[in-house]
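Enquirer: kindly generate the corresponding structure for this input.
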Amino acid sequence: MLIQVNGAPIYAYTGGKTFDAAKPTAVFVHGVLNDHSVWILQTRYLANHGWNVLAIDLPGHGRSGGKAPESVEEAAGFVISLLASAGIPRAALVGHSFGSLIALEAAARAPAQVSHLALVGTAFPMKVSPALLEASVKAPEQAIHMVNVFSHSTLSPPPSTLGAGTWLYGGSRALMRRVLASNRETNVFFTGFKACDSYVGGEQAMQAVHCPTLFLVGRHDQMTPPKAARALAAHARQARTVEVNAGHALMTEAPDEVLFALRDFLAE
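Expert: Residues are numbered from 1 along each chain as shown. Next comes the predicted model:
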């Protein structure tokens with residue numbers, strides 16, 4: 001599904017279902033060098049169980065046009081514009097990593113428009129090492145390797161995600177290369193990591209959120225360790241934390257656990 005947002009075509013995966021304004025809607029926001037495909041299992045389930053799902057490619061990423069956002073605040077403004085363009089008065093926001101900060105900031109800016117907020121693999125502050133920032137520009141292949149080593153805690157996923165025998169490292173590297181190549185004008189690798197590293201408004205944003213918030217963290221996450229979400233959780237009004245047996249790539253390493261946590265949270 002393509003949605004015109006701020007004059008640019010934005011791709012949103014709908015789980016194979018036609019958008020129905022009468023149903024509740026969940027918007028899924030990916031992290032750095034990812035796209036809508038990281039949410040395949042979770043979005044297909046919800047799409048077949050009474051929800052509209054819009055798993056987006058951020059502007060300048062994957063199948064979406066437009067300019068890649070250079071800050072969390074800019075990306076949050078885009079999400080709010082997306083809701084308006086799609087005619088969605090209220091939605092649940094689900095974000096992973098960089099996407100979790102985007103969802104958080106959007107929920108703070110438009111609290112009446114957000115029914116639920118799920119922060120997956122989140123942290124605040126979400127600092128990025130200078131070595132990784134430099135490598136994302138000068139040696140992107142090396143940086144992709146570094147991210148994958150730190151993001152995964154297993155080599156192959158359970159059968160319920162991508163199929164038995166799938167190599168998580170290889171699949172993730174291929175996705176990152178594809179997303180990086182999708183934008184020839186902007187290095188979305190560096191831009192995304194710089195946006196995470198520069199974001200300072202997390203605690204203030206969390207205090208402005210009115211809806212229930214789920215902190216969904218990976219027990220073995222080296223990119224955003226569970227303890228790195230505590231500062232945000234301390235400022236949340238209605239917070240629940242669920243820890244799953246996974247690294248930073250929660251959706252593929254613990255697909256069922258992530259799905260069930262989101263399903264139960266959105267049912268509230």
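Enquirer: can you pull out the strands in the stretch 151-268 of the chain?
Expert: Ranges of strands within the stretch 151-268 of the chain are 213-218, 239-244, based on DSSP state E, counting those that start in this stretch.
Enquirer: just name the most buried of these.
Expert: Here the criterion is mean neighbour count by mean count of other C-beta atoms under 10 Å, and of the strands of the stretch 151-268 of the chain the winner is strand 213-218, at a mean of 26. Using the backbone N, CA and C atoms, a C-beta is placed for each residue, glycine as well.
Enquirer: run the angle between it and strand 239-244 for me.
Expert: 20 degrees (axes from the mean of the first three to the mean of the last three C-alpha atoms, to 10 degrees).
Enquirer: chain center to strand 213-218, what's the gap?
Expert: Here strand 213-218 is found 12 Å from its chain centre; the criterion is C-alpha atoms, centre = their mean, to the nearest Å.
Enquirer: that strand pairs with which strands?
Expert: Neighbouring strands of strand 213-218 in its sheet, by DSSP bridges, are strand 114-120 (parallel), strand 239-244 (parallel).
Enquirer: where does pLDDT dip in the stretch 151-268 of the chain?
Expert: Along the stretch 151-268 of the chain, segments meeting pLDDT under 70 span 156-157, 159-165.
Enquirer: quick one: the helices in it?
Expert: 168-181, 188-198, 202-208, 230-233, 250-253, 255-266 (DSSP state H, counting those that start in this stretch).
Enquirer: does V147 touch G31 like I think?
Expert: No: using C-beta atoms under 8 Å, V147 is not in contact with G31; the gap is 9.9 Å.
Enquirer: more neighbours, these two?
Expert: Using other C-beta atoms under 10 Å, the more surrounded residue of V147 and G31 is G31, with 28 against 25.
Enquirer: measure that one to A103 for me?
Expert: Noted for G31: a distance of 11 Å to A103, by C-beta to C-beta, to the nearest Å.
Enquirer: which residues are in contact with each of those two?
Expert: The contact sets of G31 and A103 overlap at G95 (C-beta atoms under 8 Å, 6 or more residues apart in numbering).
Enquirer: and the strands of the stretch 151-268 of the chain as a markdown table, adding distance to Q42?
Expert: Below are these laid out as a markdown table (distance: least, C-beta to C-beta, whole Å):
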| stretch | distance to Q42 |
| --- | --- |
| strand 213-218 | 11 |
| strand 239-244 | 12 |
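Enquirer: list the contacts of H248.
Expert: Contacts of H248 by C-beta under 8 Å, 6+ apart are S97, G121, F150, S151, H152, G218, D221, Q222, M223, T224.
Enquirer: let's see it at 10 Å
Expert: Neighbouring residues of H248 by C-beta atoms under 10 Å, 6 or more residues apart in numbering: 31, 96-97, 120-121, 123, 147-148, 150-153, 217-218, 220-225.
Enquirer: cool, and A239?
Expert: Per C-beta under 10 Å, 6+ apart, neighbours of A239: L117, L119, M206, V209, P212, T213, L214, F215, A229, L232, A233.
Enquirer: same question, V27
Expert: When contacts are counted by C-beta under 10 Å, 6+ apart, V27 touches 12, 52-56, 79, 82-83, 86, 88, 91-95, 99, 103, 106, 114.
Enquirer: any weak-confidence spans in the stretch 1-150 of the chain?
Expert: Checking the stretch 1-150 of the chain against pLDDT under 70 turns up nothing.
Enquirer: if we use 90, what do you get?
Expert: 21-22 (pLDDT under 90).
Enquirer: can you tell me the SS state at the nearest residue to H116 once chain neighbours are set aside?
Expert: Spatial nearest neighbour of H116, excluding adjacent residues (C-beta to C-beta, 6 or more residues apart in numbering): A92 at 3.9 Å. On the three-state scheme (DSSP: H, G, I helix; E, B strand; the rest coil), A92 is labelled strand.
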